[in-house]
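[1] Test case, fold it:
(2 chains)
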Amino acid sequence: GENVGLHLPTLSVQEGDNSIINCAYSNSASDYFIWYKQESGKGPQFIIDIRSNMDKRQGQRVTVLLNKTVKHLSLQIAATQPGDSAVYFCAEKRRNTPLVFGKGTRLSVIA
Amino acid sequence: GAVVSQHPSWVICKSGTSVKIECRSLDFQATTMFWYRQFPKQSLMLMATSNEGSKATYEQGVEKDKFLINHASLTLSTLTVTSAHPEDSSFYICSARPSNQPQHFGDGTRLSIL
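    I've put the predicted structure just below:
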């Protein structure tokens, strides 16, 4: 069935390096995508979103890239910090349907 | 600050007990709220969509008589896990979307059934 999945379940990066977290989606009808960060014992926290009419969007230290041709979404975190350690989820949405979450990637920052 | 508030954050109770979890939207009205369940090291799975003033919409495989949802006001939705058993132990998270904003999540309720 259609789903949102991730290429890497775990990612370890050195503090100060850039992190790239990937996500694949299979539903070409999805038109809105969100990246969430979830720390242990907490609910997901919004990081950045992007609509399907865009291919790149930047925030503070984060960039989301969308490649509709291959149905791929990525989250780039610049100068990764220990506070960035968490599980990151991509979520996709189609019109009039709820958010669907991917499997998640755990990011571990090595000091 | 938080736009969605959940209470309680942690519940431990005996098997057979019914447990009520509250989800409140802060500073905005939510005609729709969402309830998710998350098992350890897994993703969030949508259980149901709570609709103010009408019946909730449950996802396939979620027992509506087991997970009672009430959305009686524009700022409050409740999820009651009836006759809870150890297999119901999980992290329950609610969500709502302020107007013209992304969907926001509460900090979850950890339910442990002994």
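[2] In chain A, which residue sits nearest chain B?
    residue A:43 (3.8 Å; Cβ to the nearest Cβ). Yep, even glycine has a C-beta here, placed from its N, CA and C like the rest.
[3] Can you give me the neighbour number for the residue lying closest to that residue once chain neighbours are set aside?
    Excluding the flanking residues, the one nearest residue A:43 by Cβ to Cβ, 6 or more residues apart in numbering or on different chains is residue B:105, at 3.8 Å. Applying other Cβ atoms under 10 Å in any protein chain shown, we find 26 other residues in the vicinity of residue B:105.
[4] isn't residue B:105 right next to residue A:34, touching?
    No. Using Cβ atoms under 8 Å, residue B:105 makes no contact with residue A:34, being 10.8 Å away.
[5] so how far is residue A:86 from the residue of chain A closest to chain B?
    Applying Cβ to Cβ, to the nearest Å, the value for residue A:43 to residue A:86 is 12 Å.
[6] before we move on, what about residue A:92?
    From residue A:92 across to residue A:86, the span is 20 Å (Cβ to Cβ).
[7] More neighbours: those two, which one.
    Per other Cβ under 10 Å, whichever of residue A:92 and residue A:86 has more neighbours is residue A:92, with 25 against 21.
[8] How about the contacts made by that one?
    A:4, A:25, A:27, A:30, A:32-34, A:73, A:99-100, A:102 (Cβ atoms under 8 Å, 6 or more residues apart in numbering or on different chains).
[9] May I have the beta-bridge partners of it?
    Beta-bridge partners recorded for residue A:92 (DSSP bridges): residue A:33, residue A:100.
[10] Quick check: end-to-end length of stretch A:48-63?
    8 Å (Cα to Cα, to the nearest Å).
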